[in-house]
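Engineer: My questions are about this predicted structure, shown below with the sequence.
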Amino acid sequence: MNNSHEVNEVVNYVNTFMAALETKNPGEHEFHQAVREVLESIAPYLMESPHLMKAKIMERMVEPERVIMFRVPWVDDKGEVQVNRGFRVQMNSAIGPYKGGIRFHASVNLSIMKFLAFEQTFKNALTTLPMGGAKGGSDFNPRGKSDAEVMRFCQSFMTELQRHIGQDTDVPAGDIGVGGREIGFLFGQYKRIRDEWTGTLTGKSLYWGGSLMRPEATGYGACYFAEAMLATRGLSFKDQTVCISGSGNVAQYAAQKAMRLGAKVVTLSDSDGFIYDPEGLTEEKLNYVFRLKNIFRGRIREYAEQYPSAQYFPHERPWRIPCQIAMPCATQNEIDATDAQHLLDNGCLCVCEGANMPTTPEAIVLFQKAQILYSPGKASNAGGVATSGLEMTQNSIRQSWTAEEVDNHLRRIMADIHAACIKYGTEEDGYINYVRGANIAGFIKVANAMLEQGIC
Ligand code: NDP
Ligand code: 2IT
């Protein structure tokens, strides 16, 4: 952008586009937020590409190819009928079959599904693997439900979803509230109805077609990405203090890898509060967290009861605790401007997103103004879906790779994503704008595929 006239044109274009999008999709705030972030990055590129403007590529990208919404009736342990709403947003299949997780959380609605499916399209393009973008889920709240209730819910959910998915059509996986247990129930019902054994879901158990390293992949991948970011400033995880939010799949393995790379991890959280352990996690403490969360489905507060070195802070997020590296691994919009200012005031130099869109737009501005290392989830959490892609490959060739083989692929993919961010995101003063880099790199791949496939 050379002059203020051009800057104004870009701002006008973004605002006009967003006004139309908001009118057409009222109330979908998370979806608006995700689209605006991408649009602000790619608008200058787009406006210099008349062929993309003429083909209305962006207008097409924000319109899901298909949205499926369905009733999910099930019977709870008391014999009462419950009704939830199921979703699958099939956003874009230009570069491969739809691919993306399933979220079970009380907050799930169409806006959240569309924002996640939109983000997924760019993320999947960044992985270098042939996967389109999708997301699904339900407003079912797994908290406090028995295994039998979760199974009946999953069976009802899949009874409808199965007609819309398949190994070459759409391949779901886990996300918030959907882990190994749920994928098992979903897969069992899919196989029963479709009478086929295919890799139509990823995140499967190792007993039946899952990939080694898939559970670890998102958290480990985020740490590999953070390592690459830190290396641009001659830094590493060694002896750094790390604050992590969440205590689920992504948080657990981000913590494990950060620790193994020499960092001190001092926080974990859930939706009720966070724990601060100034002495840092150890392998033994982390094993306790694995058991607490994955087997007993307990709350993070119990960590502070188990380890007196730790303190529990109810109804708070961890971002006021001093750290050099912050890894939000819980949910969207969990770092706001106040949190961001706390992190900056306390000397944080790297924010690496494990969750999807955990940082609000105002907080992103603060990080970028301060020129700290900041990566958007679509770049730094792409290791999870990338390893899902590797699971699909193994299922197709009916082979299982070793953990080392999968980890090597994962490391290469994260390094390639980092290189793409540098290529498209380096600013004139040398600052790497990872948001711009990730958005432009993902956009170019999907846009070119769409162009070559005609108006569809
Ligand atoms: P899990 O369900 O395993 O864990 C989610 C964690 O986040 C839990 O500790 C949960 O606490 C907490 N959490 C959920 N919602 C909220 C909320 N509204 N406020 C505060 N805390 C909350 O999910 P994952 O670890 O798989 O997912 C975490 C994030 O990572 C999500 O943004 C997801 O989209 C993203 N992601 C996941 C990938 C994967 O492979 N699993 C891949 C890429 C991104 P509680 O128990 O109280 O609900
Ligand atoms: O947000 C994500 O990338 C995921 N939840 C993982 C999706 C997948 O298909 O593995």
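Structural biologist: Yes, it's here. Numbers count the residues shown, from 1 in each chain. Ligands and ions are numbered 1, 2, ... in the order given.
Engineer: Isn't Glu302 up against Leu292?
Structural biologist: Yes: Glu302 is in contact with Leu292 according to C-beta atoms under 8 Å; the separation is 5.9 Å. From N, CA and C alone the C-beta is placed, and that goes for glycine too.
Engineer: What count of nearby residues applies to the closest residue to ligand 2 within the stretch 51-200 of the chain?
Structural biologist: Closest contact between the stretch 51-200 of the chain and ligand 2, by C-beta to the nearest ligand atom, is at Gly101 (2.9 Å). Neighbourhood size, Gly101 [other C-beta atoms under 10 Å]: 24.
Engineer: Am I right that it is in contact with Val171?
Structural biologist: No: with contacts counted by C-beta under 8 Å, Gly101 stays clear of Val171, the gap being 10.3 Å.
Engineer: which neighbours do the two share?
Structural biologist: Overlap of the contact sets of Gly101 and Val171 (by C-beta atoms under 8 Å, 6 or more residues apart in numbering) is empty.
Engineer: Now the residue of the stretch 251-400 of the chain found nearest ligand 2: which helix or strand?
Structural biologist: Of all residues in the stretch 251-400 of the chain, Ser388 sits closest to ligand 2, at 3.3 Å by C-beta to the nearest ligand atom. Take DSSP states H and E as the rule and Ser388 turns out to sit in helix 382-397.
Engineer: just Phe122 next, same as before
Structural biologist: Using DSSP H and E, Phe122 falls within helix 110-126.
Engineer: I'd like to know how far Met131 sits from Leu344.
Structural biologist: Applying C-beta to C-beta, to the nearest Å, the value for Met131 to Leu344 is 35 Å.
Engineer: who has more neighbours, these two?
Structural biologist: Set Met131 next to Leu344 and count neighbours by other C-beta under 10 Å: Met131 wins out with 25 against 17.
Engineer: give me the number of residues near the closest residue to ligand 2 within the stretch 201-350 of the chain?
Structural biologist: When scored by C-beta to the nearest ligand atom, the stretch 201-350 of the chain has Thr202 as its residue closest to ligand 2, at 5.4 Å. As a burial measure, Thr202 scores 27 neighbours (other C-beta under 10 Å).
Engineer: can you pull the pLDDT of it?
Structural biologist: Looking at Thr202, its pLDDT stands at 98.
Engineer: wait, doesn't it sit right on Glu391?
Structural biologist: Yes: Thr202 is in contact with Glu391 according to C-beta under 8 Å; the separation is 4.4 Å.
Engineer: Identify the contacts common to the two.
Structural biologist: With C-beta under 8 Å, 6+ apart, Thr202 and Glu391 have common neighbours 210-211, 214.
Engineer: thinking again about what came up before, which SSE is immediately downstream of the helix holding Phe122?
Structural biologist: strand 132-138.
Engineer: Return the list of strands paired to that next one, each annotated with direction.
Structural biologist: Sheet pairing for strand 132-138, assigned by DSSP bridges, gives strand 81-92 (antiparallel), strand 98-104 (parallel).
Engineer: I'd like the ones you listed laid out as CSV, including mean pLDDT.
Structural biologist: Shown next, in CSV, are these (pLDDT from 0 to 100):
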stretch, mean pLDDT
strand 81-92, 99
strand 98-104, 98
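Engineer: between these, which one is nearest to Gln453?
Structural biologist: Proximity to Gln453 (C-beta to C-beta) singles out strand 81-92 among the strands paired with strand 132-138, at 11.1 Å.
Engineer: For that closest one, output the C-alpha coordinates as CSV.
Structural biologist: C-alpha atoms of strand 81-92 as CSV (Å, rounded to 0.1, in the frame of the first residue of the first chain):
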residue,chain,number,x,y,z
VAL,A,81,-36.6,-37.3,26.0
GLN,A,82,-34.0,-34.7,25.2
VAL,A,83,-33.7,-32.7,22.0
ASN,A,84,-30.5,-31.1,20.7
ARG,A,85,-29.6,-29.4,17.5
GLY,A,86,-26.9,-30.8,15.2
PHE,A,87,-24.9,-29.0,12.6
ARG,A,88,-22.5,-29.7,9.7
VAL,A,89,-21.2,-26.7,7.8
GLN,A,90,-19.5,-27.8,4.6
MET,A,91,-17.7,-24.6,3.7
ASN,A,92,-15.4,-25.3,0.8
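Engineer: No more questions from me, cheers.
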